[in-house]
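Student: Here is a sequence together with a model predicted from it:
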Amino acid sequence: MFEITPISPEHYRQQTRRSTALVALIFVALAMLLATLSVQLFGEPGAADNFRWNLLGVALGFVLTVVLVRQQFWHREWMAAAVYGWRLKRSLMRITNVMHHVKAGVAQEDETAMKLLRFYHLGVTQMHQLDGNSSELSQMVHEIDAHRDVMQQRGMELEQTRLDPAWLEQVKVFKV
């Protein structure tokens with residue numbers, strides 16, 4: 001279950017820049033080291049074309065960097081903002097994938113679909129604020145406000161900050 005938590009956009013951007021720079025430096029170091037090592041082990045001395053061995057080293061550096069990030073760095077404090085952003089965007093994408101069902105459920109005034117759409121609106125709002133993309137968000141304000149007003153009129157809880165994965169399955173019954 002994912003939960004939207006308040007984060008300062010400035011702090012988020014500072015932390016994600018730092019973690020991105022660190023991961024990029026690790027990748028560059030590993031790629032250079034492994035490319036050099038593969039050329040020394042498998043390349044032809046004095047040959048002008050050891051491209052495939054350089055490419056192999058860079059590819060191995062990339063794979064090793066991905067493994068390090070997922071296995072070692074993912075749960076570290078310095079990666080927390082980047083992980084939160086990734087999880088937020090992944091949660092929003094899961095909803096986007098069933099949005100036609102969500103909107104059909106909202107049209108039928110289904111409570112689960114309405115909660116899911118509210119979570120989506122809150123998540124998209126936060127994502128755009130964290131990324132500093134207010135122009136994209138301004139295009140959705142009318143839709144967000146209209147849905148919030150409908151929920152408010154029905155006496156529903158507006159702070160839908162938790163994504164219940166069961167909601168995604170429940171809305172799949174609605175047809176467009």
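Tutor: Nice, I can see it.
Student: Now the helix or strand bottoming out on mean pLDDT in the chain: buried residues?
Tutor: Here the helix or strand of the chain ranked lowest by mean pLDDT, DSSP states H and E is helix 134-138, holding a mean of 82. Within helix 134-138, the residues scored as buried using 16 or more other CB atoms under 10 Å are residue 137. Where C-beta positions appear, they are placed from N, C-alpha and C, glycine not excepted.
Student: Give me the nearest residue to residue 120, chain neighbours excluded.
Tutor: Leaving aside its sequence neighbours, residue 120 sits nearest to residue 95 (CB to CB, 6 or more residues apart in numbering; 4.7 Å).
Student: tell me which element the spatially most distant residue from the centre of the chain is part of?
Tutor: Relative to the C-alpha centroid of the chain, counting by CA atoms, centre = their mean, residue 46 is the outermost residue, at 45.4 Å. Under DSSP states H and E, no helix or strand contains residue 46.
Student: so what pLDDT did it get?
Tutor: As predicted, residue 46 sits at a pLDDT of 75.
Student: Need phi/psi at it.
Tutor: Torsion angles at residue 46 (phi, psi; degrees, to the nearest 10) stand at phi 80, psi -10.
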